[in-house]
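Peer 1: Quick one: sequence plus predicted model below, questions after.
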Amino acid sequence: MKKSISILTLMIAMLSWGQSVKETQYAAYLKASKTLWEKSIEEAKKKHGEKSFETAMAMYGLLNNTMATQDEETFDDFKDQTIDLLKDLIEENPKWGEPRAVLSSTYGLVMAYSPMKGMFLGMKSSSLMEEAVRLQPESALVQKLHGGSKLYTPEMFGGDPKIALEAFSRAIEIYEKQGAKENWLYLDTMMGLSMAYRKTDQNEKAKQTLEKAVTIEPQYYWAKSVLDKINKS
């Protein structure tokens with residue numbers, strides 16, 4: 001009896017722990033909090049292991065967050081270990097598309113801080129994303145990051161806001177089928193979709209997308225800020 005109770009207690013604790021990783025990342029994204037992103041990395045390491053994809057995603061979340069805060073020092077502190085972990089995951093499972101998409105996006109962040117690195121990282125990033133889409137076209141994460149790549153890459157180097165729009169739309173469709181409650185990637189995809197609509201001169205659809213995001217998450221202040229700018233324009 002005592003053994004059964006102990007096992008049940010452990011299972012409940014593990015479930016709560018898993019939820020805490022997800023909830024920490026969600027709060028970190030909404031608050032653009034370096035502290036919370038670092039906490040989510042430690043939580044992911046404890047629950048999934050230091051060499052896990054979950055840990056890589058927590059690290060990627062922190063790197064992505066530095067773009068909002070322009071914290072290049074933190075980016076440099078975590079960049080190499082994130083890249084190395086993603087490369088290890090790709091080597092372990094060559095047919096897994098998601099680590100390739102995240103590595104491609106990480107290279108995109110490197111180029112955003114240091115545009116000159118695009119001379120040798122641009123083709124590498126594009127190739128990784130193409131492989132990711134080929135390997136896992138039904139992954140919401142792959143479609144989301146593919147959309148981001150096409151949105152932020154200059155058109156002369158292969159960027160295309162129309163393809164970005166299609167990819168973001170597909171990602172949202174997949175996320176919503178899976179259940180997107182308290183998923184920071186889902187919210188970020190809606191932000192990307194709204195930007196793709198704006199780049200293709202579809203401001204009303206951009207506005208509707210942001211209104212949907214704010215309805216889902218009233219504390220999504222970034223979306224509120226962009227929505228205010230659209231309403232004033």
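Peer 2: Okay, I see it. From a predicted model like this one, the values you see are computed outputs, not experimental measurements. Numbers count the residues shown, from 1 in each chain.
Peer 1: can we go C-alpha only for contacts and neighbour counts from here?
Peer 2: OK.
Peer 1: Could you chop the protein up by domain?
Peer 2: Listed domain ranges for the chain are 31-136, 137-233 (source: automatic domain parsing).
Peer 1: now those domains in TSV, with mean neighbour count?
Peer 2: Formatted as TSV, these follow (neighbours: other C-alpha atoms under 10 Å):
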stretch	mean neighbour count
domain 31-136	18
domain 137-233	19
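Peer 1: Looking at those domains, spot the one closest to Val21.
Peer 2: domain 31-136 (5.6 Å; C-alpha to C-alpha).
Peer 1: What residues does Lys87 make contact with?
Peer 2: For Lys87, the contacting residues are Pro99, Leu103, by C-alpha atoms under 8 Å, 6 or more residues apart in numbering.
Peer 1: Helix or strand: which one has it?
Peer 2: Here Lys87 sits within helix 72-92, counting by DSSP states H and E.
Peer 1: State the next helix or strand along the chain beyond that helix.
Peer 2: On the C-terminal side of helix 72-92, the nearest following helix or strand under DSSP H and E is helix 97-113.
Peer 1: these two touch, right, Leu85 and Ala58?
Peer 2: No - Leu85 is beyond contact range of Ala58, at 11.7 Å (criterion: C-alpha atoms under 8 Å).
Peer 1: Now the residue positioned nearest the centre of the chain: which helix or strand?
Peer 2: Nearest residue to the geometric centre of the chain (C-alpha atoms, centre = their mean): Leu185, 4.9 Å. Assignment of secondary structure by DSSP H and E places Leu185 within helix 184-199.
Peer 1: could you dump the helix or strand following that helix to CSV, C-alpha only?
Peer 2: For helix 184-199, the following helix or strand on the C-terminal side (DSSP H and E) is helix 203-216. Output of helix 203-216 as CSV, limited to C-alpha atoms (Å, rounded to 0.1, in the frame of the first residue of the first chain):
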residue,chain,number,x,y,z
ASN,A,203,-3.8,44.9,-42.9
GLU,A,204,-7.3,43.9,-42.0
LYS,A,205,-6.3,40.2,-41.7
ALA,A,206,-3.2,41.3,-39.7
LYS,A,207,-5.5,43.1,-37.3
GLN,A,208,-7.9,40.1,-37.0
THR,A,209,-5.0,37.8,-36.2
LEU,A,210,-3.7,40.1,-33.5
GLU,A,211,-7.2,40.5,-32.0
LYS,A,212,-7.5,36.7,-31.9
ALA,A,213,-4.2,36.4,-30.1
VAL,A,214,-5.2,39.0,-27.5
THR,A,215,-8.5,37.3,-27.0
ILE,A,216,-6.7,34.0,-26.4
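Peer 1: tell me what the following helix or strand past helix 203-216 is packed against?
Peer 2: Once helix 203-216 ends, the next helix or strand along the chain (criterion: DSSP H and E) is helix 221-232. Applying 3 or more C-alpha pairs under 8 Å, 6 or more residues apart in numbering; DSSP states H and E, we find helix 221-232 packed against helix 203-216.
Peer 1: quick one, the helix it packs on and helix 221-232 angle?
Peer 2: Here helix 203-216 runs at an angle of 140 degrees relative to helix 221-232 (axes from the mean of the first three to the mean of the last three C-alpha atoms, to 10 degrees).
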